[in-house]
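Colleague: got a sequence here, can you build the structure:
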Amino acid sequence: MSRLHALFAEVLGEVETTLTETEKMSHPLVVLFRTALEEEKEALNRLLPALKQKEPKLEDFKKDCSVVYLNDEIVESTFRAWLRAVDWMDHEDSEEAAKLENRFPGIKKTLKKAAAEIEETYGNDASKYVVPALYRPQTGGTR
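Modeller: Numbering: from 1, shown residues only. Just a heads-up that it's a prediction; the model follows:
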């Protein structure tokens, strides 16, 4: 199993856990970030089989990979807005939001590792159109 496959499988596990834990919540911001998580999950489910190949081509998974990264950005910012809202209103979801707070930085850290692996494997020029700058290693050069 490739390192990329393992990293994205880890992200899928965290996404599925978050979806399960937020299933009964109905706050509009939760509905919004759950929608982005569902789309991210679908992309990961398409992405993982492509990464099982002996030497996967970037072309085979770049679209789904981009969806994962872009949706993670949406989820992160929407979660932060929800966290502020429930904290400010002393909402019943405050305790649940606090439990989830550490999950999203962990997902981002894993996605950054995957971005570094993508850049190392496929090169800076090819990967810069797949992985947003926020997740890319700050190498300052091309490989």
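
Colleague: just checking, what packs against the helix-or-strand element of the chain with minimal mean pLDDT?
Modeller: When each helix and strand of the chain is scored by mean pLDDT, DSSP states H and E, helix 94-100 comes last, with a mean of 75. Counting contacts by 3 or more C-beta pairs under 8 Å, 6 or more residues apart in numbering; DSSP states H and E, helix 94-100 is packed against helix 3-21, helix 58-89. C-beta here means a position set from N, CA and C on the backbone, and glycine is covered the same way.

Colleague: and those as a markdown table, adding mean neighbour count, mean pLDDT and distance to Lys112?
Modeller: Converted to a markdown table, the helices and strands packed on helix 94-100 look like this (neighbours: other C-beta atoms under 10 Å; pLDDT from 0 to 100; distance: least, C-beta to C-beta, whole Å):
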| stretch | mean neighbour count | mean pLDDT | distance to Lys112 |
| --- | --- | --- | --- |
| helix 3-21 | 17 | 96 | 10 |
| helix 58-89 | 18 | 91 | 10 |
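
Colleague: would CSV of the ones you listed with distance to Leu51 be doable?
Modeller: Below are these laid out as CSV (distance: least, C-beta to C-beta, whole Å):
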stretch, distance to Leu51
helix 3-21, 4
helix 58-89, 6
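
Colleague: of all the ones you listed, which one comes closest to Ala115?
Modeller: Go through these one by one with C-beta to C-beta and the one that ends up closest to Ala115 is helix 58-89, at 7.7 Å.

Colleague: run the chain-centre distance for the closest one.
Modeller: The chain centroid and the centroid of helix 58-89 are separated by 6 Å under C-alpha atoms, centre = their mean, to the nearest Å.

Colleague: got the angle for that helix vs helix 3-21?
Modeller: Relative orientation of helix 58-89 versus helix 3-21 (axes from the mean of the first three to the mean of the last three C-alpha atoms, to 10 degrees): 30 degrees.

Colleague: Cys65 reaches Leu47, doesn't it?
Modeller: Yes. In this structure, Cys65 is within contact of Leu47 by C-beta atoms under 8 Å, at 6.0 Å.
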